[in-house]
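Novice: take this sequence and fold it.
(chains A and B)
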There are 2 protein chains.
Amino acid sequence: MIEVYYKIIAISRKVWSVMMEKSNSAPTMKDVAKEAGVALGTVSKVVNGLPVGEPYRIRVEEAIRKLNYQVNSYAQGLKANRTHTAALLIPNTYLPFFASLVYHINLALLKRKYRMLLCSTDYDPGLEQEYVAMAQQNKVDGIIGLTYNPDLILDETTPFIAIDRSMGPRIPCVTSDNFAGGQLAAEKLADLGCRNVAFLRIGSSLNNEPNKRKAGFENGCLSRGLPYEMKILNDGESYEEFALFLKEHMQNGKLAFDGIFCVTDTLAHLIIKMLSDMGLRVPEDVQVIGFDGTRHFGDQEYTCSTIVQPVPEIAEMCVELLLQENRQAKPPLVCLPVSYAYGGTTNK
Amino acid sequence: MIEVYYKIIAISRKVWSVMMEKSNSAPTMKDVAKEAGVALGTVSKVVNGLPVGEPYRIRVEEAIRKLNYQVNSYAQGLKANRTHTAALLIPNTYLPFFASLVYHINLALLKRKYRMLLCSTDYDPGLEQEYVAMAQQNKVDGIIGLTYNPDLILDETTPFIAIDRSMGPRIPCVTSDNFAGGQLAAEKLADLGCRNVAFLRIGSSLNNEPNKRKAGFENGCLSRGLPYEMKILNDGESYEEFALFLKEHMQNGKLAFDGIFCVTDTLAHLIIKMLSDMGLRVPEDVQVIGFDGTRHFGDQEYTCSTIVQPVPEIAEMCVELLLQENRQAKPPLVCLPVSYAYGGTTNK
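Specialist: A predicted model of the protein is given here:
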């Protein structure tokens, strides 16, 4: 307690002395030049990392420290037309997959000394467009966006990297290998001894990359000769439709399916509750595989057996492509490899 | 499929026409004045929201639209010394409580036309200090920070709102009413019929607000005459200590405690697994209450019975205080009311 109190005092003194030095107006580059006894151009070179004689650099740096001079990066941004800031458009940060993306994209930007403007759009198309305009006015160096807005108007002069949905031929899209993920789920269920499986999906009817999970799953089932059924809901349709679908496939207390692939871990979580309400055990009666690689509390065990999206790699790729100077060399679609993880809802 | 293709074409045309209009250099305020046939000062007034005659305003707005003139907010920020940007310092975005805070603070800023620079610090003290410096250089209008760094040096001229840990007498701190939350947990366990309870804690040994949960719990137990024990680990100590503690309190297959209060929902989740491994049922043998109000997948059912932190209200209060002009009127500590929610790990 005493130690903590001491530290607050220490901080306050430091702040006080800084405030006293600062008086009413922040020091300018001119003040630094005067303090160091050098020309204004020398200060400018030091601040911008250009070569100057070592003794000059030391004198300027000492003056900067003494005056607590802060480089005004708005002035820098205005001059160099580079802000070292990128915007991230994402529906929200509370869904685990989005929360993880935000975290890893932030880290990837940070590693490159880039700041991130977060734009949590809450699926609001108007808001997304507003953010794009805001980003343009603010001259961010680029935007990374996960958006479901089919009418979003992008100025192609603004570097934009799309996640999970192609925004046009000249805008790179980064995504998991969703087709391979669907296929892997089917093959895994076949390997685990399933004889009749189902695919359950809800989500955007937009032509997005995650929708390829369905085609991959069908392909996997066909290649293994595994019979399957599908139940696909559109956004806005009630989850109760899944409960009805499952009940229609019950006979003498037994479900027709011994394996279910759900399009996300969130859906898998809901389906497992429905199965439990119907008196069915997971994985004993039905094995369930989700998609995303969601962990309890963000970093603990998997919430279900799942196809894991490579979130750190997606984040790195988005930032890498965003900051790449040569726009011609940017690929239109990058699909990154997924993997299977056991999470207690399959036999292994 | 055809419809989607059509939309991409439509977007490209729009982008193309914008690009053509723009040619090589972006239009300036002078170009707008020329196009509208008004004085430069009139354009400036319209752009800055100052009163001008209605016909002038309409002509300027038409010219802005026609030329696709974008206000350069770096130039604005430089001039007005106001960026309409706030920074958020937070350890990460993948822990559900943090993910929810990021989401609600972003929404609260957005409502006020503020942008958010996200600084996910990963508990790195050096990085936190770097972000504070970066924020100062960038002239953000303020910082909202949840930080565990006792040595963080803040320039008190930068508006800063702390979450969960006081950063000094002149810096407002916003937090849940942690003491009341601890007390509520004890009273709830007493109401639910518990006869002997335990409090389990792990976390920072810093003098932070969440540490008041312990004192509140003790107070609640004492006021209800409920016997209790505590097991408190410091950061870095192994969770296995909790398993040992619980095993020490087993006799003839029965645990000495019929109620446990865990300092967070994350810890409650771990403890429930340990209890299950020991052959104990929750809530039949032991009732467990956590703290935070974490929901599965961010917005579904509670992960356990829990003391709910009012995250939307914390977010609103932080932003409200940050943007409040009168610094003298800012309270040093704001504690917001918590509530109890049933989440399946208690009898009700």
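
Novice: low-confidence ranges in the stretch 51-200 of chain A?
Specialist: A:71-81, A:134-136, A:138-139 (pLDDT under 70).

Novice: please redo it, this time with the cut-off set to 80
Specialist: A:51, A:68-82, A:123, A:125-127, A:130-131, A:133-139, A:150, A:155-158 (pLDDT under 80).

Novice: what residue in it comes nearest to chain B?
Specialist: Among all residues of the stretch 51-200 of chain A, A:Tyr94 sits closest to chain B, at 3.5 Å; criterion: C-beta to the nearest C-beta. Backbone N, C-alpha and C define where each C-beta goes, glycine included.

Novice: quick one, strands of the stretch 51-200 of chain A?
Specialist: Using DSSP state E, counting those that start in this stretch, the strands of the stretch 51-200 of chain A run over A:85-90, A:115-120, A:142-145, A:160-163, A:173-176, A:197-203.

Novice: adding mean neighbour count, write the ones you listed out as CSV.
Specialist: Formatted as CSV, the strands of the stretch 51-200 of chain A follow (neighbours: other C-beta atoms under 10 Å in any protein chain shown):
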stretch, mean neighbour count
strand A:85-90, 24
strand A:115-120, 25
strand A:142-145, 25
strand A:160-163, 26
strand A:173-176, 24
strand A:197-203, 23
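
Novice: adding distance to chain B as columns, could you present the ones you listed in TSV?
Specialist: Formatted as TSV, these follow (distance: least, C-beta to the nearest C-beta, whole Å):
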stretch	distance to chain B
strand A:85-90	8
strand A:115-120	4
strand A:142-145	12
strand A:160-163	11
strand A:173-176	12
strand A:197-203	13
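
Novice: can you give me the strands for the stretch 201-348 of chain A?
Specialist: Listed in chain order, the strands of the stretch 201-348 of chain A (DSSP E, counting those that start in this stretch) span A:228-234, A:250-251, A:254-255, A:259-262, A:287-292, A:306-308, A:333-336, A:339-341.

Novice: and the angle from the longest one to strand A:197-203?
Specialist: Counting by axes from the mean of the first three to the mean of the last three C-alpha atoms, to 10 degrees, strand A:228-234 points 10 degrees away from the direction of strand A:197-203.

Novice: check which helices and strands strand A:228-234 sits against.
Specialist: Contact analysis of strand A:228-234 by 3 or more C-beta pairs under 8 Å, 6 or more residues apart in numbering or on different chains; DSSP states H and E lists strand A:197-203, helix A:212-224, helix A:240-248 as its packing neighbours.

Novice: and stretch A:62-72, how far out from the chain middle?
Specialist: On the basis of C-alpha atoms, centre = their mean, to the nearest Å, the separation between the geometric centre of stretch A:62-72 and that of its chain is 36 Å.

Novice: and for stretch A:339-348?
Specialist: Remark: stretch A:339-348 is offset 24 Å from the chain centroid, using C-alpha atoms, centre = their mean.

Novice: list the buried residues for that stretch?
Specialist: A:340-341, A:343, A:345-346 (16 or more other C-beta atoms under 10 Å in any protein chain shown).

Novice: equivalent analysis for stretch A:312-330, please.
Specialist: Of the residues in stretch A:312-330, A:312-319, A:321-323 count as buried by neighbour count, 16+ other C-beta under 10 Å.

Novice: ok, residues contacting it?
Specialist: For stretch A:312-330, the external contacting residues (C-beta atoms under 8 Å, 6 or more residues apart in numbering or on different chains) are A:86, A:101, A:104-105, A:107-109, A:112, A:114, A:141-144, A:159, A:161, A:163, A:170, A:172, A:174-176, A:331, A:334, A:336.

Novice: returning to that earlier point: so which of the helices and strands packed on strand A:228-234 is nearest B:Ser205?
Specialist: strand A:197-203 (44.8 Å; C-beta to C-beta).

Novice: note down every partner strand of that closest one and its orientation.
Specialist: strand A:228-234 (parallel), strand A:259-262 (parallel) (DSSP bridges).

Novice: tell me the most buried of the ones you listed?
Specialist: Greatest average neighbour count among these goes to strand A:259-262 (a mean of 29), per mean count of other C-beta atoms under 10 Å in any protein chain shown.

Novice: show the average pLDDT along that strand.
Specialist: Mean pLDDT, computed over strand A:259-262, is 98.

Novice: A:Tyr148 is in contact with A:Ser205, isn't it?
Specialist: No: using C-beta atoms under 8 Å, A:Tyr148 makes no contact with A:Ser205, being 10.0 Å away.

Novice: so which of these two has more stuff around it?
Specialist: A:Tyr148 (17 against 11; other C-beta atoms under 10 Å in any protein chain shown).

Novice: tell me the contacts of the closest residue in space to the more buried one that isn't next to it in sequence?
Specialist: Spatially, and ignoring its direct neighbours in sequence, A:Tyr148 is nearest to A:Ser204 (5.2 Å; C-beta to C-beta, 6 or more residues apart in numbering or on different chains). Residues near A:Ser204 by C-beta under 8 Å, 6+ apart: A:148, A:211, A:235.

Novice: for chain B, see how far away A:Ser204 is.
Specialist: 12 Å (C-beta to the nearest C-beta, to the nearest Å).

Novice: next one: A:Val319
Specialist: From A:Val319 to chain B the distance is 14 Å (C-beta to the nearest C-beta).

Novice: equivalent analysis for A:Glu320, please.
Specialist: Going from A:Glu320 to chain B by C-beta to the nearest C-beta gives 18 Å.

Novice: tell me the pLDDT at that residue?
Specialist: 94.

Novice: in the stretch 1-150 of chain A, which spans are helices?
Specialist: In the stretch 1-150 of chain A, the segments counted as helices under DSSP state H, counting those that start in this stretch are A:2-22, A:29-36, A:40-47, A:54-67, A:73-80, A:96-111, A:125-137.

Novice: return the residues of the stretch 201-348 of chain A in contact with chain B.
Specialist: Neighbours of chain B within the stretch 201-348 of chain A, by C-beta under 8 Å from any C-beta of the partner chain: A:206-207, A:265-266, A:269-270, A:294, A:296-300, A:303.
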